[in-house]
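**Student:** Pasting a predicted model and its sequence here:
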Amino acid sequence: MGGEKIGSASGKLIVPCDPIILKMDGDGIGPEIISAALPVIDAAVESAYHGKRRISWKKVQAGKDAERSHGSLFPGSTVSALKEYKFLLKGPLETPVGKGYRSPNVHIRLLLDLYANIRPVKYIPGLDSPLKHPEKVDMVIIRENTDDLYTGIEWPSNSKAANELRKYLKDRLNSNIEKDAGIGIKPIGKAKTERITRLALKYAIDNRRKSVTIMHKGNIMKYTEGAFRDWAYNVAKREFGKKSVTEAELNGKFHGRMPKGKVLINDRIADNMFQQIITRPESYDVILAPNLNGDYISDAAGALIGDIGVLGAANIGDYGGVFEAVHGTAPKYAGKNVANPMGIIKAGELMLLHIGWAEAARSIKKAVEASIGQRKATADIARFIGAKPLGTKEFAGNLVDIIESGKAR
Ligand code: NAP
């Protein structure tokens with residue numbers, strides 16, 4: 001295998017020419033999309049750096065695959081490798097609804113403290129979007145990834161714990177909860193809000209984005225989502241005051257004219273945002289959201305460009321990253337060579353950008369655009385554009401051909 005570990009010093013990544021990056025197949029369509037994606041990523045690196053850089057992939061297992069070979073959904077060897085190497089390209093993992101084990105995705109994110117989930121959503125010309133002007137969609141959702149529903153606690157209706165808690169709330173805090181209710185606790189912390197806000201503002205400034213919109217339901221959940229909004233504004237004012245402008249400042253001090261080189265910071269109530277990203281997507285750029293809101297809005301935003309199957313996501317922390325497709329295991333397509341590997345390939349693009357290999361990342365972006373432009377796509381896209389569908393492998397093969405032919409530079 002060879003390769004060296006990606007290091008970190010003074011908050012910056014130290015990336016060797018042959019970084020070791022973990023790969024995980026995952027469940028359902030995971031193995032086939034991962035094996036389609038790796039040659040595309042390798043071809044992009046080769047085409048950009050001509051042998052001077054390469055990725056050393058190291059396999060780790062989790063989910064059904066790991067259960068079969070190690071008798072555990074999340075074996076100790078995977079935990080050790082994640083702690084050691086910190087960077088992973090990951091296929092989707094199944095999580096049962098309403099019963100069974102805790103999500104291995106959540107486990108990985110918490111293990112590496114990957115507190116930001118970053119999902120860029122930009123229209124790719126040629127996709128069949130439900131919007132009249134999908135070209136206006138160019139958003140980046142930055143979702144807090146460790147708090148809120150991931151640290152929340154739930155007790156089932158009529159359980160001993162729910163009954164005790166209900167009694168405590170009634171006796172000590174004079175608060176009533178229905179007898180038959182399941183109970184959940186939703187924590188949103190100040191330190192976690194502040195660090196995700198810092199990351200979002202830094203991302204917006206570094207990538208020359210126009211605005212950061214805080215998405216919350218603070219009108220109803222004042223001390224969790226409302227506090228998220230207030231803490232985020234405080235960080236913007238305290239730490240990014242010279243580079244950001246609030247909406248109030250824009251309309252007062254700056255008479256509605258955005259000063260050059262600054263990022264606008266505003267906030268919107270979550271339900272309103274769901275209609276606004278459809279009716280006027282151009283008003284949204286970076287969206288900063290607590291965990292659950294971010295989960296919902298990123299799939300909704302994905303639908304605007306026609307297909308969430310084409311989106312990748314980066315889960316990052318101060319040191320470490322897990323890169324994956326936005327979609328899940330799509331079990332009905334598993335093993336049929338029909339699944340779209342574009343989401344995981346776009347995740348590879350985000351991974352390359354994150355480690356500073358921008359030339360290789362650009363190559364992937366251009367190859368994907370070129371393939372859609374040639375009307376060469378998997379069934380999920382081909383069925384809407386009236387093209388003959390390519391299989392998973394064949395679509396990835398076309399991307400490799402485009403990259404190797406030099407058309408993706
Ligand atoms: P899903 O796996 O994303 O699949 C929903 C539907 O989306 C599929 O039936 C298919 O729709 C379409 N689709 C998704 N990915 C596709 C691809 N690559 N190519 C073509 N079509 C694709 O969502 P789900 O059914 O809600 O979740 C299934 C499992 O995945 C659950 O256990 C869930 O917990 C897990 N999951 C894991 C992750 C992760 O690991 N990060 C993320 C999300 C969900 P059509 O019927 O329209 O063809």
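**Tutor:** All right, it came through fine.
**Student:** drop to CA atoms for contacts and neighbour counts, all remaining ones
**Tutor:** Fine.
**Student:** Helix, strand, or coil at the residue nearest the centre of the chain?
**Tutor:** Nearest to the mean C-alpha position of the chain, by CA atoms, centre = their mean, lies Ala313 at 3.2 Å. Assigned with DSSP: H, G, I helix; E, B strand; the rest coil, Ala313 falls in the strand class.
**Student:** Next one: it from the ligand, what distance?
**Tutor:** 9 Å (CA to the nearest ligand atom, to the nearest Å).
**Student:** Quick one: name the residues of the protein near the ligand.
**Tutor:** With CA under 6 Å from any ligand atom as the criterion, the chain meets the ligand at residues 92-96, 105, 309, 326-330, 339-341, 380.
**Student:** out of those residues, which are buried?
**Tutor:** 92-95, 105, 309, 326-329, 339-341, 380 (16 or more other CA atoms under 10 Å).
**Student:** Correct me if wrong: Leu112 contacts Ala81.
**Tutor:** No. With contact defined as CA atoms under 8 Å, Leu112 does not reach Ala81; the gap is 11.2 Å.
**Student:** who has more neighbours, these two?
**Tutor:** Leu112 (21 against 16; other CA atoms under 10 Å).
**Student:** and that one, how far is that from the ligand?
**Tutor:** For Leu112 relative to the ligand (CA to the nearest ligand atom), the value is 15 Å.
**Student:** before we move on, what about Ile34?
**Tutor:** Ile34 sits 11 Å away from the ligand, going by CA to the nearest ligand atom.
**Student:** Cross-check the contact I'm expecting between Arg362 and Arg409.
**Tutor:** Yes. Between Arg362 and Arg409 there is a contact under CA under 8 Å: 7.3 Å.
**Student:** who touches both of those two?
**Tutor:** Shared contacts of Arg362 and Arg409 (CA atoms under 8 Å, 6 or more residues apart in numbering): none.
**Student:** could you dump stretch 67-86 to CSV, C-alpha only?
**Tutor:** This file holds the C-alpha atoms of stretch 67-86, laid out as CSV (Å, rounded to 0.1, in the frame of the first residue of the first chain):
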residue,chain,number,x,y,z
GLU,A,67,-20.8,-7.9,10.3
ARG,A,68,-20.3,-10.8,7.9
SER,A,69,-16.5,-10.8,8.1
HIS,A,70,-15.8,-9.5,11.7
GLY,A,71,-19.1,-10.3,13.5
SER,A,72,-19.5,-6.6,14.3
LEU,A,73,-21.2,-3.7,12.4
PHE,A,74,-18.4,-1.4,13.5
PRO,A,75,-15.2,-3.4,14.3
GLY,A,76,-12.4,-2.3,16.5
SER,A,77,-9.9,-2.3,13.6
THR,A,78,-12.1,0.3,11.8
VAL,A,79,-12.3,2.5,14.9
SER,A,80,-8.4,2.3,15.2
ALA,A,81,-7.8,3.1,11.5
LEU,A,82,-10.2,6.0,11.7
LYS,A,83,-8.5,7.4,14.7
GLU,A,84,-5.1,6.9,13.1
TYR,A,85,-5.7,8.2,9.5
LYS,A,86,-8.7,10.5,10.0
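**Student:** one step back: ok, the buried ones among the residues of the chain next to the ligand vs Asn219, which is closest?
**Tutor:** Val326 (29.2 Å; CA to CA).
**Student:** pLDDT at the closest one, what is it?
**Tutor:** In this model, Val326 is scored at 90, pLDDT.
**Student:** try the one 5 residues further on
**Tutor:** At Pro331, the model reports a pLDDT of 95.
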